[in-house]
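Asker: Quick check, what structure comes out for this input:
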Amino acid sequence: MLGHWARGFVLAGLISGLCAPVWANATFDGDVVSSVTGMTQQASLDGMQLAQTDLTLEAMSDEFSGGAILEPIESPVVTPVTPPTRVALLLPSRSEGLQQVSDAVRAGFMAAWQHERANIVVNLIETGDSAEDVLAGYQNAAASNDIVVGPLTRSGVTAIVQNRAVIKPTIALAQSDATEASSANLLAMGLSVEDEARQIAALTGSGKTTMKAFAISTGVSWQRRAASAFVSAWRGMGLQAEAIELSMTGGFIHPNVLLDLRNRIQAARPALLFVALDAAQTVQLRIGVGGEVTTYGISQLNPHSLADWAVATPLLDLEGIRLLDMPWQLQPDHAAVMTYPRLPQVPDQRRSPDIERLYALGIDAYRVAHNIAIRQTDFDLDGVTGKLSIQFGKKPPRFVRTMQPAIYRQGVVQALESQ
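Answerer: Reported below is the predicted structural model:
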């Protein structure tokens with residue numbers, strides 16, 4: 001027994017003599033806290049993986065019921081270094097006509113990035129406004145980035161779709177006019193008067209069986225598109241709709257045109273007027289035909305930024321008209337609206353409501369890109385442009401924006417809690 005004890009003593013001495021130099025000479029790229037005999041070693045390492053080696057003494061297995069002299073050492077937790085996600089922001093900043101809108105989108109995008117940078121690097125890609133220049137800029141952006149945000153124009157989005165150039169996850173900031181099927185890598189989240197018109201049709205006509213509506217516009221392109229979208233959605237629910245286009249002279253609706261429209265309203269007695277007009281045109285319409293018929297419009301009926309309504313002249317002729325707009329324009333106490341700074345005002349200039357909307361689009365575009373960067377494929381955002389529902393990374397991509405209902409009360413646009 002004494003021999004066994006002596007042998008154990010010698011072996012223990014050898015073990016302690018061997019182990020000390022090993023620990024004394026070890027170096028790591030991090031903070032290492034270690035102990036021997038019954039304690040565990042923890043290490044914070046950057047990009048290094050260590051293998052654990054358990055010491056066993058086979059000759060002593062029948063002498064020591066307690067097992068090995070040293071307890072196993074836990075493997076260190078290794079946090080891998082993840083490269084940043086490269087996001088290209090593709091804007092027509094070199095276009096004289098589009099520089100202001102590009103700057104607004106960029107300012108909103110960067111404001112959201114500053115709030116939540118995560119592990120994202122933003123690279124600005126500037127183009128002109130021609131479809132060829134935008135296509136070349138997109139191809140450059142897609143070659144050296146993980147996600148592309150843009151183009152900002154319809155012609156630019158149409159160009160990349162028609163040329164089948166979409167090879168990276170892309171968040172387009174406008175709709176495409178292409179007849180070709182869109183790519184599974186393309187998510188379109190631009191501000192759309194057609195989407196607003198369809199939402200109004202759904203809000204007012206869903207569940208109805210007999211209801212006639214007039215959709216009123218002028219010959220302006222965006223107004224025709226909005227009126228057409230409303231009529232199509234309205235008829236798709238089995239309801240009657242008639243599109244009426246008003247002629248303009250020198251920025252004014254001709255009085256004879258308004259008189260003819262008033263007679264048609266009195267004869268047909270529509271339950272609803274959908275006006276794809278701006279606020280100034282709708283004031284003329286109201287003066288000419290009266291306000292007896294319930295009237296709905298899109299965001300262009302709101303001619304002021306949120307801050308400017310405090311000093312604006314009330315538009316009493318629009319009293320009771322309902323419309324859609326984004327929280328950024330209507331709800332100063334909205335959680336997301338309060339999160340981000342306002343676009344700085346140019347001295348001695350009134351804030352443009354359209355520039356404010358594009359700034360808000362930039363904010364939400366970054367938030368969508370951030371979720372895609374962290375591999376979210378199906379998510380909702382309570383955004384500053386509306387409630388957003390996104391599916392991306394699955395086929396087909398889906399983007400739905402639900403705008404905020406509002407109404408003219410005492411000549412001022414106010415948000416409605418419900419419609």
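
Asker: show me where the stretch 101-250 of the chain has strands.
Answerer: Ranges of strands within the stretch 101-250 of the chain are 120-126, 147-149, 170-172, 186-188, 212-217, 240-245, 248-249, based on DSSP state E, counting those that start in this stretch.

Asker: Nearest to residue 315, out of those strands?
Answerer: If you check each of these against residue 315 by CB to CB, strand 212-217 wins as the nearest, at 17.7 Å. Glycine gets a C-beta too; all of them are placed from N, C-alpha and C.

Asker: Sheet partners, orientation included, of that closest one?
Answerer: Using DSSP bridges, the strands paired with strand 212-217 are strand 240-245 (parallel), strand 272-275 (parallel).

Asker: With only the CA atoms kept, save it in CSV.
Answerer: C-alpha atoms of strand 212-217 as CSV (Å, rounded to 0.1, in the frame of the first residue of the first chain):
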residue,chain,number,x,y,z
LYS,A,212,-72.1,53.7,-57.9
ALA,A,213,-69.0,55.8,-57.8
PHE,A,214,-67.6,58.5,-60.0
ALA,A,215,-63.8,58.6,-60.4
ILE,A,216,-62.7,62.1,-61.3
SER,A,217,-59.3,63.2,-62.7
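
Asker: hmm, who's touching that strand?
Answerer: Residues from elsewhere that reach strand 212-217 (CB atoms under 8 Å, 6 or more residues apart in numbering): 204-205, 223-224, 226-228, 230-231, 234, 239-246, 261, 264-265, 268-277, 285.

Asker: Can you select the buried ones from these in ChimeraX?
Answerer: To isolate the buried members of the contacts of strand 212-217 in ChimeraX, using 16 or more other CB atoms under 10 Å:
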select :204,205,223,224,226,227,228,230,231,234,239,241,243,245,246,261,265,270,271,272,273,274,275,276,277,285
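
Asker: residues in contact with residue 325?
Answerer: With CB under 8 Å, 6+ apart, residue 325 has these contacts: 299, 302, 403-404, 406, 413.

Asker: 7 Å instead?
Answerer: 299, 302, 403-404, 406 (CB atoms under 7 Å, 6 or more residues apart in numbering).

Asker: I only care about the residues you listed that end up buried; give me the ChimeraX line for that.
Answerer: Buried residues among the contacts of residue 325 (16+ other CB under 10 Å), as a ChimeraX selection:
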select :299,302,403,404,406
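
Asker: can you tell me which of the strands paired with strand 212-217 comes nearest to residue 130?
Answerer: strand 240-245 (30.5 Å).

Asker: How about residues contacting the closest one?
Answerer: Contacts for strand 240-245 (CB under 7 Å, 6+ apart): 212-219, 227-228, 231, 234-235, 261.

Asker: Where does pLDDT dip in the protein?
Answerer: Applying pLDDT under 70 to the chain flags residues 1-80, 418-419.

Asker: what's the domain layout of it?
Answerer: Domains of the chain are assigned by automatic domain parsing as 30-81, 85-188+351-381, 193-326+403-415.

Asker: and stretch 82-91, how far out from the chain's middle?
Answerer: Here the centre of stretch 82-91 is set off from its chain's centre by 15 Å, with CA atoms, centre = their mean, to the nearest Å.

Asker: Just the buried residues of it, please?
Answerer: 85-91.

Asker: Shouldn't residue 350 be within a helix?
Answerer: No: applying DSSP: H, G, I helix; E, B strand; the rest coil, one finds residue 350 to be coil, outside a helix.

Asker: Quickly note the distance from the residue nearest to it when sequence neighbours are not counted to residue 364.
Answerer: In this structure, residue 350 finds its nearest non-sequential neighbour in residue 308, 6.3 Å apart by CB to CB, 6 or more residues apart in numbering. Counting by CB to CB, to the nearest Å, the gap from residue 308 to residue 364 is 22 Å.

Asker: Thank you, goodbye.
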